[in-house]
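# can you look at this prediction? I've put the sequence above it.
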Amino acid sequence: MTTTVTPFIWFQDQAHDAAKFYCRIFKGSKIVRKDAMSATVRLQGRNYILFNGGDHYKMTPAFSMFIVVKTQKQLDYYWDRLVKGGQESRCGWLVDKFGLSWQVIPEILGKLLSHKDYGKAGHAMQAMLKMNKIDIKALKEAATTSLRN
């Protein structure tokens, strides 16, 4: 038996606008289906159903989109576009102008936070907790602080 699991995201009434917005940000993405109530978009090879459901349900940060990047340039690209018209939050989180939460996280963060040197990991964690948009250089510098002490 073949089954699929597709994220279904409830918007108030802006699903079509959100679909166009996300497809502009994620290169190679497209709207694969659109009807009066919804749009299905393919972002980075995965389908998402964006639904105009009214105000019965509200988005919360309990569900977020998680983007892993390698470079600061990539991080800045996604962060700057997604946060436009939205709101910054802490530790790499933001809420876009449609109310959807995103995490824009550098690959190195997981490596630094799980480092076998707890001092290095702790300094990286303390640096991250002070950031909204993650700064990769500052994370690396904070992590090396424990090695000098």
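Received it, and whenever you're ready, just let me know what you need.
# poorly predicted segments of this protein, please.
For the chain, the stretches with pLDDT under 70 are 146-149.
# what residue spans form the domains of it?
When the chain is parsed with automatic domain parsing, its domains come out as 1-57, 59-149.
# single out the most deeply packed of those domains.
Of all these, domain 59-149 has the most neighbours on average by mean count of other Cβ atoms under 10 Å, namely a mean of 16. All C-beta spots, glycine's among them, are computed from the backbone N, C-alpha and C.
# how far off centre is that domain?
Averaging C-alpha positions (Cα atoms, centre = their mean, to the nearest Å) puts domain 59-149 10 Å from its chain's average.
# doesn't Ile105 make contact with Phe66?
Yes. Counting by Cβ atoms under 8 Å, Ile105 is a contact partner of Phe66 at 6.7 Å.
# which stretches of the protein form strands?
Along the chain, counting by DSSP state E, strands occupy 8-11, 30-34, 38-43, 46-52, 64-69, 87-88, 93-95, 101-106.
# could those strands go into TSV alongside distance to Asp17?
Formatted as TSV, these follow (distance: least, Cβ to Cβ, whole Å):
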stretch	distance to Asp17
strand 8-11	9
strand 30-34	11
strand 38-43	9
strand 46-52	9
strand 64-69	17
strand 87-88	18
strand 93-95	16
strand 101-106	16
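# to Ala19, which of these lies closest?
Judged by Cβ to Cβ, the one of the strands of the chain that comes nearest to Ala19 is strand 38-43, at 3.8 Å.
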